[in-house]
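Q: Have a look; sequence and predicted model below, questions after that.
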Amino acid sequence: RKEVEQDPGPFNVPEGATVAFNCTYSNSASQSFFWYRQDCRKEPKLLMSVYSSGNEDGRFTAQLNRASQYISLLIRDSKLSDSATYLCVVNRGTGNQFYFGTGTSLTVIP
Amino acid sequence: EAGVVQSPRYKIIEKKQPVAFWCNPISGHNTLYWYLQNLGQGPELLIRYENEEAVDDSQLPKDRFSAERLKGVDSTLKIQPAELGDSAVYLCASSQGQGRTYEQYFGPGTRLTVT
């Protein structure tokens, strides 16, 4: 079983829509969780860390469910500029070991 | 603050030729990573350094890949000889590796094409 699993999509949504991505992880010892954004032919960039209590940054909300071993990313009021691939990343915490999902592709349509 | 620097950005070589990639991490970041990314996939770890020590190289194909991080700062990843299947983007990343500063920052990557 893969360490981190994501639905690759693609998700095609109209501007202004709300879209949610989920990601599951296999190792219950995982400690830190992140969402990265990757534009076409660019490097991954940190979008937000995911904290146990959940956290929000503008239109973006990340949540962690340790019991079910999944994290989620909610994007409200989608913009054309949100079109990208969103990577779920998990760190076991026993060292700097990061595990990446395959990414979920989002296209926001005018 | 300068980000992670990588060079070259693009490289085209013929199979069986050697190639080397260079990475300069963010100042003060002790942990350095080399990843390989194929189209439509997430980055896959090749090797991780803590300062100058390679602490995780289990995914590095050691018959043809080698890496070094002299003095615990810059790093070089080498492939010799390159094969067609090595065509990919090679990403370098760094992190402080302590507490919540596990956040990783990536360089722009080197896009390798082996013909």
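A: Nice, I can see it.
Q: Mind telling me what element A:Val89 is part of?
A: A:Val89 is located in strand A:84-91, with elements delineated by DSSP states H and E.
Q: Could you pull up the residues touching the residue of chain A found nearest chain B?
A: The nearest approach of chain A to chain B comes at A:Phe100, 3.4 Å away (C-beta to the nearest C-beta). Quick note: C-beta positions are derived from backbone N, CA and C, even for glycine. Residues in contact with A:Phe100 (C-beta atoms under 8 Å, 6 or more residues apart in numbering or on different chains) are A:4, A:36, A:87-89, B:42-44.
Q: sorry, back to before: contacts for the strand holding A:Val89, please.
A: Outside of strand A:84-91, the residues within contact range by C-beta under 8 Å, 6+ apart are A:3-4, A:6, A:21, A:23, A:25, A:27, A:30-40, A:44, A:47, A:71, A:73, A:97-101, A:103-106, B:42-43, B:102, B:104.
Q: If any of those are buried, put those into a ChimeraX selection.
A: Entered in ChimeraX, the line below selects the buried ones among these, by 16 or more other C-beta atoms under 10 Å in any protein chain shown:
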select /A:3,4,6,21,23,25,27,30,32,33,34,35,36,37,38,44,47,71,73,97,98,99,100,101,103,104,105,106 /B:42,43,102,104
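Q: Tell me the strands beside the lowest-mean-pLDDT helix or strand in chain A, with direction?
A: One helix or strand of chain A scores below all others by mean pLDDT, DSSP states H and E: strand A:98-100, with a mean of 91. Here strand A:98-100 is paired, per DSSP bridges, with strand A:84-91 (antiparallel).
Q: So what's the model's average confidence on the partner strand?
A: The pLDDT scores in strand A:84-91 average 94.
Q: Was I right to think A:Gln6 contacts A:Leu106?
A: No. At 11.7 Å, A:Gln6 and A:Leu106 do not qualify as touching, with contact defined as C-beta atoms under 8 Å.
Q: and for the two, which residues touch both?
A: In terms of C-beta under 8 Å, 6+ apart, A:Gln6 and A:Leu106 are both contacted by the residues A:Phe21.
Q: Spell out which parts of chain B neighbour chain A.
A: B:31, B:33, B:40-45, B:48, B:50, B:55-56, B:91, B:95, B:97, B:100, B:102-109, B:111 (C-beta under 8 Å from any C-beta of the partner chain).
Q: Great, nothing more from me.
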